[in-house]
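Enquirer: predicted model and sequence below, questions to follow.
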Amino acid sequence: MTRLCSKCGVEKPIDEFDTRPGGNGHRYSCKKCLNNYRKDRWRIRNQEKYDKERAFQKDHPGQKQCIKCGKIKDYEKFNVHKTATDGRRNICKRCQAIYAHNQHKEKKEALRAQNLKKFGITHEDYLQMLESQDGKCMICGTTKPHKSAKFKHFAVDHCHKTNKIRALLCNRCNMGLGQFNDDPVLLVKATAYLHSFKS
């Protein structure tokens, strides 16, 4: 089966024509002509951009302007990018690092908000609770949420039966209550046990 290309006027096998979107038949232009058409159209649309780049390189050889900070820097200050016309990213390494840091921070904040939502509170509610506790664990009074500095937030302690929020606890106190299944009787027994071995 063949088809006449509407661009070059040559009759070619049907497999040299791309299928239409949705799979409804084949295009009227062959792959080669369609590819050339797309290249030419892209070149026309981006001609102004190329002209600007060429003019810039004439005045600043071996340099590039960061689209974030606007500073003109050497190529070495930009990370390699294979698909870029000059082989370098449009954002300098410093701006890219700041952007990545901000993105990471936003993701962490979104994850934090999602975790607090499980308890039915917002980050503002959490901060109000923390302020009412003077920034300390309700049980032991420590100001450190976790022994690792990596964790900066206190645990939201809640009743597993009613889901009612009780207070903010450090990781150790929260884990301790969990190990005792939130059972006051067991905790009293544990206290009596420790007192019995006091010298």
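Expert: That came in fine, so what should we check first? Numbers count the residues shown, from 1 in each chain.

Enquirer: mind checking what helix or strand follows the lowest-mean-pLDDT helix or strand in the chain in sequence?
Expert: One helix or strand of the chain scores below all others by mean pLDDT, DSSP states H and E: helix 47-59, with a mean of 84. Past helix 47-59, further along toward the C-terminus, the next helix or strand under DSSP states H and E is strand 63-65.

Enquirer: partners of that next one, with directions?
Expert: strand 72-74 (antiparallel) (DSSP bridges).

Enquirer: which stretches in the protein count as strands?
Expert: 2-4, 11-13, 63-65, 72-74, 78-80, 88-92, 155-158, 165-169 (DSSP state E).

Enquirer: CSV for those, including mean neighbour count and mean pLDDT?
Expert: C-beta: built from backbone N, CA, C; applies to glycine. Output for those, formatted as CSV (neighbours: other Cβ atoms under 10 Å; pLDDT from 0 to 100):
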stretch, mean neighbour count, mean pLDDT
strand 2-4, 14, 92
strand 11-13, 12, 94
strand 63-65, 18, 91
strand 72-74, 14, 94
strand 78-80, 15, 94
strand 88-92, 18, 92
strand 155-158, 19, 93
strand 165-169, 18, 95
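
Enquirer: so which of the ones you listed is nearest H101?
Expert: strand 88-92 (13.2 Å; Cβ to Cβ).

Enquirer: tell me how far that closest one lies from the chain's centre.
Expert: 19 Å (Cα atoms, centre = their mean, to the nearest Å).

Enquirer: stretch 10-30 now?
Expert: With Cα atoms, centre = their mean, you get 40 Å for stretch 10-30.

Enquirer: give me the angle between the helix ranked longest in the chain and strand 88-92.
Expert: Counting residues, the longest helix found in the chain (DSSP state H) is helix 93-117. If you take axes from the mean of the first three to the mean of the last three Cα atoms, to 10 degrees, helix 93-117 sits at 70 degrees to strand 88-92.

Enquirer: burial check on the closest residue to C69 other than its chain neighbours, number of neighbours?
Expert: Distances taken as Cβ to Cβ, 6 or more residues apart in numbering put C95 closest to C69, at 5.4 Å, once the chain neighbours are dropped. Look at C95: counted by other Cβ atoms under 10 Å, it has 19 neighbours.
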